[in-house]
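>>> no sequence for this one, just the structure:
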């Protein structure tokens, strides 16, 4: 994918997919860590959630 196309996608979508940056094992570990997050409370304005890693 050309840099021009990546910049266009970033402008249109707000993100760009970069395949092959992380290896599959690291992705699996990140997914497990995200799944293990537990909500502990909201901030006082209820705009931001606070999480804690339980494992």
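Thanks, I have it. Everything numeric in this text was worked out from a predicted model, so none of it was measured. Numbering: from 1, shown residues only.
>>> in the protein, which spans are strands?
Here the chain has its strands, by DSSP state E, at 37-42, 49-53.
>>> pLDDT averaged over the shortest one - what is it?
Read it as strand 49-53. Strand 49-53 shows a mean pLDDT of 70.
>>> And stretch 28-43, by the same measure?
pLDDT averaged over stretch 28-43 gives 81.
>>> Residue 2: neighbour count?
When neighbours are defined as other C-beta atoms under 10 Å, residue 2 has 7 of them. Using the backbone N, CA and C atoms, a C-beta is placed for each residue, glycine as well.
>>> That one and residue 28, how far apart?
As judged by C-beta to C-beta, to the nearest Å, residue 2 and residue 28 stand 30 Å apart.
>>> swap in residue 18?
18 Å.
>>> which residues does residue 16 contact?
Contact partners of residue 16, counting by C-beta atoms under 8 Å, 6 or more residues apart in numbering, are 6, 9-10.
>>> got a pLDDT number for it?
93.
>>> what are the phi and psi angles of it?
phi -130, psi 130 (degrees, to the nearest 10).
>>> where's it relative to residue 35, distance?
To residue 35, residue 16 is 25 Å away according to C-beta to C-beta.
>>> repeat for residue 2
Counting by C-beta to C-beta - residue 2 and residue 35 are separated by 35 Å.
>>> again with residue 7
To residue 35, residue 7 is 33 Å away according to C-beta to C-beta.
>>> cool, residue 5 as well?
Applying C-beta to C-beta to residue 5 and residue 35 gives a distance of 33 Å.
>>> Could you do residue 17 as well?
To residue 35, residue 17 is 22 Å away according to C-beta to C-beta.
>>> next one: residue 51
Going from residue 51 to residue 35 by C-beta to C-beta gives 11 Å.
>>> which one of the two has more residues nearby?
residue 51 (12 against 8).
>>> just checking, that one touches residue 36?
No. With contacts counted by C-beta atoms under 8 Å, residue 51 stays clear of residue 36, the gap being 9.5 Å.
>>> shared neighbours, the two?
Between them, residue 51 and residue 36 have no joint contacts when contacts are counted by C-beta under 8 Å, 6+ apart.
>>> need the helices for this protein, in chain order.
Secondary structure of the chain by DSSP state H: the helices cover 3-13, 24-35.
>>> Right, I'll leave it there.
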